[in-house]
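Asker: build me a model from this:
(2 chains)
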Amino acid sequence: MTPPNKKILAIVPAFNECGNIGRTVREIRKAAPGVDILVIDDGSADTTAEEAREAGGMVVSLPFNLGIGAAVQTGFQYAQKHQYDIAVQIDGDGQHDPAFLEKIVGPLRLDGADMVVGSRFLEKIGFQSSFSRRMGINFFVHLIKVLTGVKVNDPTSGFRAYNKKMIALFSEYYPHDFPEPEAIVVAQQAGARIVELPVVMRPREAGSSSIRYFKTLYYMVKVTLAILLHMIRQGRGKV
Amino acid sequence: MNIHAVALIVSVAIFLFVIDLVRRRRLTFKYAMAWLLVSAGAIFFAVFYRFLFAFAAWLGFELPSNFIFFTLFCVFVFLSLLLTVFLCQQNNRNDIMAQKIALLEFELRELKKKLKVE
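Answerer: As a prediction, this is how the structure comes out:
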């Protein structure tokens, strides 16, 4: 039995990713031909938007840099408005291999999950990040485990897939700045079923990550506070 | 010069300045209210400073000046907290507006493309 056809949107946030974004879009088109690709150009100063458009992606250009969270949220808003069944978040820097797109969408097609996180640590293949960053990631694994009882091995992974319920939730509220770990807490608190599947990640091809080495500690403190503040927030959504 | 006169002149000047800002539409009523109340209070205490002294003594301040500094400090902390709330609200609205504009711009471009094809 084949699952019913689903309308899928690939949300690709990109900030100054010329040199990467064209290839990413072409790769997604090749790996998943039926998927619509929406690149969110987060106020880039370079030719990110043109490059993505030439490669065949739909491009939404934010008038100024809003940060990754608000950029991804713009994608959810589009998906919500155009009634997509599934949204997949893939970073524009080439770290995420679109060959795994179909795999992380799988559980959503069968309604076995509301949200799927692509994890590089489940099978420990491919780019595993630096030692110091892995320590930081581990901290979040435990923090999220303690706060929500859910164990996600790669909470900073931005390679994710969401179903309709999550699209509706996140188009209303999605954490800003460094949203990945907090989004898991938001989703869990809303009652979402979260599934983690192994994927292989690659090191960046051009440009630099938005989280630089010396900022790791700042990132950790900030995200921790954001997560703790979320726990006391009023009016959290439910799925 | 008399210190009471100085206090009175300064508080009246602030009061008039706020009114002038509202008159020239540089300040909306919503934000002007807080400032008008604060400066009206300052005028009141500059005129009837005996109230101020008595009130300070009643609260247990040894020097009335300490009471004034303490009150001003509290007012400004509260005011800056209030301004941060406004700032946050504006920031959120700004983000939502930017997202809406970007999406509308995209749909407009798609629409134009479709019209050209037909």
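
Asker: what is the least confident helix or strand in chain B?
Answerer: When the helices and strands of chain B are compared on mean pLDDT, DSSP states H and E, helix B:29-47 comes out lowest with a mean of 85.

Asker: contacts for it?
Answerer: Under the contact criterion C-beta atoms under 8 Å, 6 or more residues apart in numbering or on different chains, helix B:29-47 has outside partners B:4, B:7-8, B:10-12, B:14-15, B:18-19, B:21-22, B:27, B:51-52, B:75, B:79, B:82. Heads up, the C-betas are built off the backbone N, CA and C, glycines and all.

Asker: switch to 10 Å and redo it
Answerer: B:3-19, B:21-22, B:26-27, B:51-53, B:55-56, B:64, B:67-68, B:71-72, B:75-76, B:78-79, B:82-83, B:86 (C-beta atoms under 10 Å, 6 or more residues apart in numbering or on different chains).

Asker: stretch B:93-113 too?
Answerer: A:38, A:40-43, A:53, A:58-67, A:69-71, A:73-78, A:81-82, A:171, A:176.

Asker: filter those residues to the buried ones?
Answerer: Neighbour counting by 16 or more other C-beta atoms under 10 Å in any protein chain shown classes A:38, A:40-43, A:53, A:58-62, A:65-67, A:69-71, A:73-78, A:171, A:176 among the contacts of stretch B:93-113 as buried.

Asker: most centrally placed residue in chain A?
Answerer: A centroid search over chain A (C-alpha atoms, centre = their mean) returns A:G158, at 3.3 Å, as the residue closest to the centre.

Asker: could you check how far it is from A:S44?
Answerer: 17 Å (C-beta to C-beta, to the nearest Å).

Asker: for A:P107, same thing?
Answerer: As judged by C-beta to C-beta, A:P107 and A:S44 stand 33 Å apart.

Asker: what of B:M33?
Answerer: The gap separating B:M33 from A:S44 is 42 Å, by C-beta to C-beta.

Asker: more neighbours: which of those two?
Answerer: The residue with more neighbours, out of B:M33 and A:S44, is A:S44; 21 against 13, by other C-beta atoms under 10 Å in any protein chain shown.

Asker: and A:E27, how many neighbours?
Answerer: 18.

Asker: how about B:V77?
Answerer: Residues near B:V77, counting by other C-beta under 10 Å, number 10.

Asker: so for the helix or strand where it lies, mean pLDDT?
Answerer: Element membership of B:V77 [criterion: DSSP states H and E] is helix B:64-117. For helix B:64-117, the mean pLDDT works out to 91.

Asker: which positions in chain A make contact with chain B?
Answerer: Within chain A, the residues that sit near chain B (C-beta under 10 Å from any C-beta of the partner chain) are A:38, A:40-43, A:53, A:58-67, A:69-71, A:73-78, A:81-82, A:171, A:176.

Asker: please repeat the previous calculation with a cut-off of 7 Å.
Answerer: Contacts of chain A with chain B, taken as C-beta under 7 Å from any C-beta of the partner chain, map to A:58, A:60-64, A:66, A:70, A:73-74, A:77-78.

Asker: tell me the mean pLDDT over the helix or strand where A:Y78 lies?
Answerer: Taking DSSP H and E as the definition, A:Y78 sits inside helix A:68-81. Averaged across helix A:68-81, the pLDDT comes to 94.

Asker: just the angle for that helix relative to helix B:64-117, thanks.
Answerer: 50 degrees (axes from the mean of the first three to the mean of the last three C-alpha atoms, to 10 degrees).

Asker: tell me what helix A:68-81 is packed against?
Answerer: The helices and strands touching helix A:68-81, judged by 3 or more C-beta pairs under 7 Å, 6 or more residues apart in numbering or on different chains; DSSP states H and E, are strand A:8-14, strand A:36-41, strand A:86-89, helix A:164-172, helix B:64-117.
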